[in-house]
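Student: no FASTA, just this:
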Ligand SMILES: O=P(O)(O)OC[C@@H](O)[C@@H](O)c1c[nH]c2ccccc12
(Lines give C-alpha, C1' and ligand atoms only; values in the text may rest on other atoms or scores of the structure.)
Protein backbone atom coordinates (compact mmCIF):
# COMPACT_ATOMS: atom_id res chain seq x y z
CA UNK A 1 0.00 0.00 0.00
CA UNK A 2 1.19 3.53 -0.80
CA UNK A 3 1.88 6.04 1.92
CA UNK A 4 -0.64 8.81 2.49
CA UNK A 5 1.67 11.30 0.77
CA UNK A 6 2.28 9.07 -2.24
CA UNK A 7 -1.41 8.31 -2.64
CA UNK A 8 -2.53 11.95 -2.47
CA UNK A 9 0.37 13.24 -4.54
CA UNK A 10 -0.49 10.76 -7.31
CA UNK A 11 -4.10 11.99 -7.35
CA UNK A 12 -2.88 15.58 -7.31
CA UNK A 13 -0.56 14.88 -10.25
CA UNK A 14 -3.58 13.52 -12.14
CA UNK A 15 -5.26 16.89 -11.44
CA UNK A 16 -7.92 15.41 -9.16
CA UNK A 17 -9.55 17.45 -6.41
CA UNK A 18 -8.65 15.74 -3.13
CA UNK A 19 -11.74 14.97 -1.09
CA UNK A 20 -11.32 13.72 2.45
CA UNK A 21 -14.53 12.98 4.35
CA UNK A 22 -14.45 12.78 8.14
CA UNK A 23 -16.56 10.25 10.02
CA UNK A 24 -16.94 9.54 13.72
CA UNK A 25 -16.11 5.88 14.36
CA UNK A 26 -19.01 4.12 16.09
CA UNK A 27 -21.64 6.74 15.23
CA UNK A 28 -23.78 4.18 13.45
CA UNK A 29 -26.85 2.19 14.41
CA UNK A 30 -24.61 -0.87 14.60
CA UNK A 31 -21.99 0.99 16.61
CA UNK A 32 -18.38 0.30 15.70
CA UNK A 33 -19.49 -2.78 13.73
CA UNK A 34 -20.96 -0.36 11.18
CA UNK A 35 -17.60 1.31 10.53
CA UNK A 36 -16.46 -1.01 7.67
CA UNK A 37 -19.62 -0.36 5.66
CA UNK A 38 -19.34 3.41 6.10
CA UNK A 39 -15.73 3.26 4.91
CA UNK A 40 -16.76 1.11 1.92
CA UNK A 41 -19.51 3.58 1.07
CA UNK A 42 -17.08 6.53 1.10
CA UNK A 43 -14.51 4.61 -0.93
CA UNK A 44 -17.18 3.68 -3.49
CA UNK A 45 -18.08 7.35 -3.82
CA UNK A 46 -14.58 8.56 -4.55
CA UNK A 47 -13.01 9.58 -1.22
CA UNK A 48 -9.30 10.33 -1.67
CA UNK A 49 -8.62 9.37 1.95
CA UNK A 50 -10.90 9.00 4.98
CA UNK A 51 -10.51 10.69 8.34
CA UNK A 52 -11.73 8.38 11.10
CA UNK A 53 -12.55 10.17 14.35
CA UNK A 54 -12.11 8.53 17.75
CA UNK A 55 -14.80 9.66 20.19
CA UNK A 56 -13.62 11.48 23.29
CA UNK A 57 -15.50 12.94 26.24
CA UNK A 58 -13.79 16.33 26.14
CA UNK A 59 -13.36 17.26 22.47
CA UNK A 60 -12.13 20.84 22.72
CA UNK A 61 -11.90 21.59 18.98
CA UNK A 62 -15.20 19.94 18.01
CA UNK A 63 -18.29 21.92 17.13
CA UNK A 64 -21.79 20.71 18.06
CA UNK A 65 -22.30 18.23 15.20
CA UNK A 66 -19.08 16.31 15.81
CA UNK A 67 -19.46 16.57 19.56
CA UNK A 68 -22.95 15.00 19.43
CA UNK A 69 -21.65 12.27 17.12
CA UNK A 70 -18.95 11.55 19.69
CA UNK A 71 -21.51 11.31 22.49
CA UNK A 72 -23.63 8.89 20.43
CA UNK A 73 -20.56 6.85 19.63
CA UNK A 74 -19.44 6.63 23.26
CA UNK A 75 -22.98 5.53 24.19
CA UNK A 76 -22.63 2.79 21.58
CA UNK A 77 -19.61 1.51 23.49
CA UNK A 78 -16.91 2.68 21.07
CA UNK A 79 -13.35 2.55 22.36
CA UNK A 80 -9.99 3.01 20.67
CA UNK A 81 -9.48 -0.74 21.20
CA UNK A 82 -12.61 -1.82 19.36
CA UNK A 83 -12.01 0.75 16.58
CA UNK A 84 -8.53 -0.67 15.95
CA UNK A 85 -9.82 -4.27 16.08
CA UNK A 86 -12.50 -3.31 13.54
CA UNK A 87 -10.04 -1.49 11.27
CA UNK A 88 -7.91 -4.66 11.15
CA UNK A 89 -10.82 -6.27 9.26
CA UNK A 90 -11.01 -3.49 6.64
CA UNK A 91 -9.12 -3.91 3.37
CA UNK A 92 -8.86 -0.83 1.18
CA UNK A 93 -6.40 1.02 -1.03
CA UNK A 94 -7.75 4.33 0.23
CA UNK A 95 -5.61 5.51 3.13
CA UNK A 96 -7.31 6.06 6.47
CA UNK A 97 -6.28 8.86 8.81
CA UNK A 98 -7.06 8.63 12.52
CA UNK A 99 -8.17 11.89 14.16
CA UNK A 100 -7.92 11.62 17.91
CA UNK A 101 -7.29 13.67 20.98
CA UNK A 102 -4.20 12.54 22.84
CA UNK A 103 -5.83 11.09 25.95
CA UNK A 104 -7.31 7.89 24.40
CA UNK A 105 -3.97 7.16 22.71
CA UNK A 106 -2.02 7.79 25.89
CA UNK A 107 -4.29 5.42 27.81
CA UNK A 108 -3.99 2.77 25.09
CA UNK A 109 -0.22 3.08 25.08
CA UNK A 110 1.52 5.08 22.37
CA UNK A 111 3.88 2.35 21.26
CA UNK A 112 1.15 -0.31 21.17
CA UNK A 113 -1.10 2.11 19.27
CA UNK A 114 1.43 2.59 16.47
CA UNK A 115 2.33 -1.11 16.40
CA UNK A 116 -1.33 -2.12 16.11
CA UNK A 117 -2.01 0.44 13.38
CA UNK A 118 0.57 -1.27 11.19
CA UNK A 119 -2.01 -4.06 10.73
CA UNK A 120 -4.58 -1.59 9.36
CA UNK A 121 -5.00 0.79 6.41
CA UNK A 122 -4.26 3.76 8.69
CA UNK A 123 -1.54 5.84 7.05
CA UNK A 124 -1.87 9.10 8.93
CA UNK A 125 -2.67 10.69 12.28
CA UNK A 126 -4.26 14.02 13.15
CA UNK A 127 -3.75 14.86 16.82
CA UNK A 128 -5.21 18.32 17.39
CA UNK A 129 -4.14 18.67 21.01
CA UNK A 130 -0.52 17.60 20.52
CA UNK A 131 1.52 20.72 19.76
CA UNK A 132 4.67 20.51 17.66
CA UNK A 133 6.76 20.89 20.83
CA UNK A 134 5.31 17.62 22.20
CA UNK A 135 5.31 15.58 19.02
CA UNK A 136 8.45 13.82 20.16
CA UNK A 137 6.21 11.71 22.41
CA UNK A 138 4.97 10.07 19.21
CA UNK A 139 7.49 10.56 16.41
CA UNK A 140 10.09 8.02 17.63
CA UNK A 141 7.47 5.27 17.23
CA UNK A 142 6.50 6.51 13.77
CA UNK A 143 10.07 6.37 12.49
CA UNK A 144 9.91 2.79 11.21
CA UNK A 145 6.28 2.98 10.12
CA UNK A 146 4.66 4.46 7.02
CA UNK A 147 2.27 6.51 9.15
CA UNK A 148 2.43 10.29 8.71
CA UNK A 149 1.73 12.84 11.42
CA UNK A 150 -0.37 15.47 9.63
CA UNK A 151 0.36 19.07 10.67
CA UNK A 152 -2.60 21.33 11.43
CA UNK A 153 -1.90 24.92 10.50
CA UNK A 154 -4.27 27.53 11.89
CA UNK A 155 -4.91 31.10 10.78
CA UNK A 156 -3.31 32.46 13.89
CA UNK A 157 0.08 30.82 13.27
CA UNK A 158 2.65 33.50 12.54
CA UNK A 159 4.64 33.07 9.30
CA UNK A 160 7.71 31.58 11.01
CA UNK A 161 5.51 29.07 12.80
CA UNK A 162 3.74 28.15 9.57
CA UNK A 163 7.04 27.51 7.87
CA UNK A 164 8.19 25.39 10.81
CA UNK A 165 4.94 23.36 10.87
CA UNK A 166 5.00 22.47 7.18
CA UNK A 167 8.72 21.82 6.98
CA UNK A 168 9.19 18.15 6.00
CA UNK A 169 5.42 17.63 6.18
CA UNK A 170 4.38 14.11 5.34
CA UNK A 171 0.95 13.03 4.14
CA UNK A 172 -0.72 16.39 3.73
CA UNK A 173 -1.08 19.75 5.40
CA UNK A 174 -4.36 20.41 7.18
CA UNK A 175 -5.11 24.10 6.68
CA UNK A 176 -7.68 25.15 9.26
CA UNK A 177 -9.83 27.82 7.62
CA UNK A 178 -11.39 29.51 10.67
CA UNK A 179 -10.54 30.49 14.20
CA UNK A 180 -12.93 28.30 16.10
CA UNK A 181 -14.40 24.85 16.36
CA UNK A 182 -15.44 22.46 13.57
CA UNK A 183 -18.77 22.87 11.82
CA UNK A 184 -20.63 24.96 9.29
CA UNK A 185 -21.84 28.50 9.70
CA UNK A 186 -18.55 30.38 10.00
CA UNK A 187 -17.83 33.27 7.70
CA UNK A 188 -14.51 32.84 6.00
CA UNK A 189 -12.02 35.68 6.36
CA UNK A 190 -11.62 37.93 3.34
CA UNK A 191 -7.90 37.21 3.14
CA UNK A 192 -8.30 33.44 3.62
CA UNK A 193 -7.34 32.51 0.08
CA UNK A 194 -4.17 34.56 0.34
CA UNK A 195 -3.24 32.65 3.49
CA UNK A 196 -3.97 29.31 1.81
CA UNK A 197 -2.02 30.29 -1.28
CA UNK A 198 0.94 31.15 0.90
CA UNK A 199 0.77 27.77 2.65
CA UNK A 200 0.68 25.97 -0.68
CA UNK A 201 3.84 27.76 -1.71
CA UNK A 202 5.63 26.73 1.48
CA UNK A 203 5.47 23.01 0.88
CA UNK A 204 5.38 20.30 -1.76
CA UNK A 205 2.95 18.26 0.31
CA UNK A 206 -0.72 18.48 -0.71
CA UNK A 207 -2.66 21.16 1.18
CA UNK A 208 -6.24 20.42 2.24
CA UNK A 209 -8.60 23.05 3.63
CA UNK A 210 -10.96 22.04 6.42
CA UNK A 211 -13.58 23.49 8.81
CA UNK A 212 -16.96 24.58 7.56
CA UNK A 213 -16.79 23.02 4.10
CA UNK A 214 -20.38 22.09 3.35
CA UNK A 215 -21.24 23.18 -0.21
CA UNK A 216 -19.90 22.51 -3.70
CA UNK A 217 -19.24 26.25 -3.97
CA UNK A 218 -16.89 25.99 -0.99
CA UNK A 219 -15.06 23.18 -2.75
CA UNK A 220 -14.79 25.23 -5.95
CA UNK A 221 -13.51 28.25 -4.04
CA UNK A 222 -10.84 26.34 -2.12
CA UNK A 223 -9.80 24.37 -5.19
CA UNK A 224 -8.47 27.61 -6.70
CA UNK A 225 -5.76 27.82 -4.05
CA UNK A 226 -5.29 24.39 -2.46
CA UNK A 227 -5.42 20.72 -3.51
CA UNK A 228 -8.64 19.74 -1.86
CA UNK A 229 -10.88 19.77 1.19
CA UNK A 230 -11.82 17.91 4.35
CA UNK A 231 -15.55 17.64 4.99
CA UNK A 232 -16.67 16.69 8.50
CA UNK A 233 -19.85 18.05 10.04
CA UNK A 234 -21.84 18.03 6.79
CA UNK A 235 -21.09 14.32 6.24
CA UNK A 236 -21.53 13.29 9.87
CA UNK A 237 -24.93 14.99 10.09
CA UNK A 238 -26.18 13.72 6.74
CA UNK A 239 -25.12 10.12 7.46
CA UNK A 240 -26.73 10.26 10.88
CA UNK A 241 -29.97 11.47 9.26
CA UNK A 242 -29.72 8.65 6.73
CA UNK A 243 -29.27 10.98 3.78
CA UNK A 244 -26.55 8.81 2.26
CA UNK A 245 -27.62 9.30 -1.34
CA UNK A 246 -27.16 13.04 -0.81
CA UNK A 247 -23.67 12.37 0.56
CA UNK A 248 -22.89 10.17 -2.43
CA UNK A 249 -23.96 12.95 -4.82
CA UNK A 250 -21.98 15.54 -2.90
CA UNK A 251 -18.79 13.44 -2.96
CA UNK A 252 -19.14 12.71 -6.66
CA UNK A 253 -19.72 16.36 -7.52
CA UNK A 254 -16.90 17.50 -5.25
CA UNK A 255 -14.37 15.17 -6.83
CA UNK A 256 -15.28 16.56 -10.24
CA UNK A 257 -14.65 20.19 -9.26
O1 LIG B 1 -16.67 19.55 10.59
P2 LIG B 1 -15.99 20.43 9.61
O3 LIG B 1 -16.23 21.86 9.88
O4 LIG B 1 -16.30 20.01 8.21
O5 LIG B 1 -14.40 20.26 9.82
C6 LIG B 1 -13.70 18.97 9.68
C7 LIG B 1 -13.52 18.36 11.01
O8 LIG B 1 -14.78 18.04 11.54
C9 LIG B 1 -12.60 17.18 11.24
O10 LIG B 1 -11.43 17.24 10.49
C11 LIG B 1 -12.32 17.21 12.72
C12 LIG B 1 -13.13 16.67 13.68
N13 LIG B 1 -12.65 16.99 14.91
C14 LIG B 1 -11.54 17.75 14.76
C15 LIG B 1 -10.71 18.36 15.73
C16 LIG B 1 -9.65 19.13 15.29
C17 LIG B 1 -9.39 19.27 13.93
C18 LIG B 1 -10.21 18.66 12.98
C19 LIG B 1 -11.28 17.91 13.38
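Tutor: Structure's in. What do you need? Owing to the predicted nature of the structure, the values given are computational and were not obtained by experimental measurement.
Student: Show me the residue of the protein that gets nearest to the ligand, please.
Tutor: Nearest residue of the chain to the ligand, counting by C-beta to the nearest ligand atom: residue 232, 2.3 Å away. Just so you know, the C-beta spots here come from the backbone N, C-alpha and C atoms, and that holds for glycine as well.
Student: who's in contact with the residue nearest to that residue when sequence neighbours are not counted?
Tutor: Distances taken as C-beta to C-beta, 6 or more residues apart in numbering put residue 22 closest to residue 232, at 3.6 Å, once the chain neighbours are dropped. Taking C-beta atoms under 8 Å, 6 or more residues apart in numbering, we find residue 22 in contact with 50-53, 66, 99, 210, 230-232, 235-236.
Student: list the contacts for residue 250?
Tutor: So residue 250 contacts 216, 231, 234-235, 238 (C-beta under 8 Å, 6+ apart).
Student: Make a PyMOL selection of the buried ones in these.
Tutor: Restricted to buried positions by 16 or more other C-beta atoms under 10 Å, the PyMOL selection for the contacts of residue 250 reads:
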select buried, resi 231+234+235+238
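Student: Residue nearest the middle of the chain, spatially speaking?
Tutor: Nearest residue to the geometric centre of the chain (C-alpha atoms, centre = their mean): residue 51, 3.6 Å.
Student: and that one, that's in a strand?
Tutor: Yes: according to DSSP: H, G, I helix; E, B strand; the rest coil, residue 51 belongs to a strand.
Student: Excluding chain neighbours, give the residue nearest to it in space.
Tutor: Residue 51 sits nearest to residue 22 (C-beta to C-beta, 6+ apart), 4.1 Å away.
Student: can you tell me the average pLDDT over the helix or strand where the one you found lies?
Tutor: For residue 22, the host element (DSSP states H and E) is strand 18-24. Across strand 18-24, pLDDT averages out at 98.
Student: Kindly report the same for stretch 111-121.
Tutor: Rounded mean pLDDT across stretch 111-121 is 97.
Student: can you list the residues that contact it?
Tutor: Counting by C-beta under 8 Å, 6+ apart, 1, 80, 84, 87-88, 90-92, 94-96, 98, 105, 138, 141-142, 145, 147 sit against stretch 111-121.
Student: same thing with stretch 23-42?
Tutor: By C-beta under 8 Å, 6+ apart, stretch 23-42 touches 21, 50-55, 66, 69-70, 72-74, 76-78, 82-83, 86-87, 89-90, 92, 94, 96, 235-236, 239-240, 244, 247-248, 251.
Student: Among those, name the ones in helices.
Tutor: Among the contacts of stretch 23-42, DSSP state H puts 66, 69-70, 72-74, 82-83, 86-87, 235-236, 239-240, 244, 247-248, 251 in helices.
Student: So which of the residues you listed reach the ligand?
Tutor: Among these, the residues lying close to the ligand (C-beta under 6 Å from any ligand atom) are residue 66.
Student: Whichever of the ones in helices among the contacts of stretch 23-42 end up buried, select them in PyMOL.
Tutor: Buried members of the ones in helices among the contacts of stretch 23-42, defined by 16+ other C-beta under 10 Å, are picked up in PyMOL with:
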select buried, resi 66+69+70+72+73+74+82+83+86+87+235+236+239+240+247+248+251
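Student: And for residue 91, nearest residue in space, chain neighbours not counted?
Tutor: Nearest one to residue 91, counting by C-beta to C-beta, 6+ apart, is residue 121 at 7.2 Å.
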